[in-house]
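Trainee: Quick check, what structure comes out for this input:
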Amino acid sequence: LQRVASLPRVACAVELGSSTGRVVAELARAADHVVGLDVSFASLLRARQLLDGRPLRYARRTSGRHYTFATIEPGDRAVPAVRRTLVCGDALDPPLLPGSAERVVALNVLDAVSNPMQLLRVMDQLCAEDGELVLASPFAWQSAVVEDTHRLGGSDPAADLADLLEHGRGLGSRYELVERD
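Mentor: Numbering: from 1, shown residues only. A predicted model of the protein is given here:
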């Protein structure tokens, strides 16, 4: 996350799969405006609370059906409402304008959507000319989420993803890989 915040400043950044807003807050350090999109309205309500600088109390599972209450302190997560927009929507069909973001981020989302290639196309379409994509994935494919035919790269999905981005295979643009880990 610190690497994301140290990127050059952009006018607009978009995070697909923003959950409770931790990366939205980090992106705001290097963007004038950040859009966080998530399919879970409940997660976005929690994100708003934390991004407003208010602590979040929640039930944390300890084991089975047993819970204990815990609190997340917002710390330096607060981002003024005028610098952020939270949107409830599907990462595979976001209600956002093409080319509207200089930085498009999807962390741990690629293997959590039904069609990873469609997610990459969406990211490519959202990305402004000379913009950048920031991706991270454990490639932990689950059959209940991603059919075998939609998975990237067989035994080496990271290499397939790198090749796909560098050559623009199935995308509107080609991307230079700046960092790969």
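Trainee: for this protein, which spans come out with low pLDDT?
Mentor: Under the criterion of pLDDT under 70, the regions of the chain flagged as low confidence span 1-5.
Trainee: quick one: furthest residue from the center of it?
Mentor: Relative to the C-alpha centroid of the chain, counting by CA atoms, centre = their mean, His66 is the outermost residue, at 30.3 Å.
Trainee: Stretch 167-181 spans what distance, first to last residue?
Mentor: Across stretch 167-181, the terminal residues are separated by 19 Å (CA to CA, to the nearest Å).
Trainee: Any buried residues in it, and which?
Mentor: Within stretch 167-181, the residues that count as buried by 16 or more other CB atoms under 10 Å are 171, 175. C-beta: built from backbone N, CA, C; applies to glycine.
Trainee: Then stretch 121-139?
Mentor: By neighbour count on 16+ other CB under 10 Å, the buried set for stretch 121-139 is 122-128, 131-135, 137, 139.
Trainee: Select from those residues every entry located in strands.
Mentor: By the criterion of DSSP state E, membership of the buried residues of stretch 121-139 in strands covers 127-128, 131-135.
Trainee: Return the member of those nearest to Asp93.
Mentor: Nearest to Asp93 out of those is Cys127 (CB to CB; 16.2 Å).
Trainee: pretty sure that closest one is touching Gly99, no?
Mentor: Yes - using CB atoms under 8 Å, Cys127 makes contact with Gly99 at a distance of 7.1 Å.
Trainee: Just give me the residue right at the centre of the chain.
Mentor: Ala106 (3.0 Å).
Trainee: Which residue lies closest in space to that one, excluding its sequence neighbours?
Mentor: Nearest residue to Ala106 in three dimensions, chain neighbours excluded: Leu16, at 4.5 Å (CB to CB, 6 or more residues apart in numbering).
Trainee: Mind jotting down where the strands sit in the chain?
Mentor: For the chain, the strands identified by DSSP E occupy 10-16, 31-38, 56-63, 66-72, 84-88, 101-107, 127-136, in order along the chain.
Trainee: if we look at the first one, which residues are touching it?
Mentor: Same thing as strand 10-16. Under the contact criterion CB atoms under 8 Å, 6 or more residues apart in numbering, strand 10-16 has outside partners 23-24, 27-28, 30-37, 91, 94, 96, 100-107, 109, 119, 122-123, 126, 128, 131.
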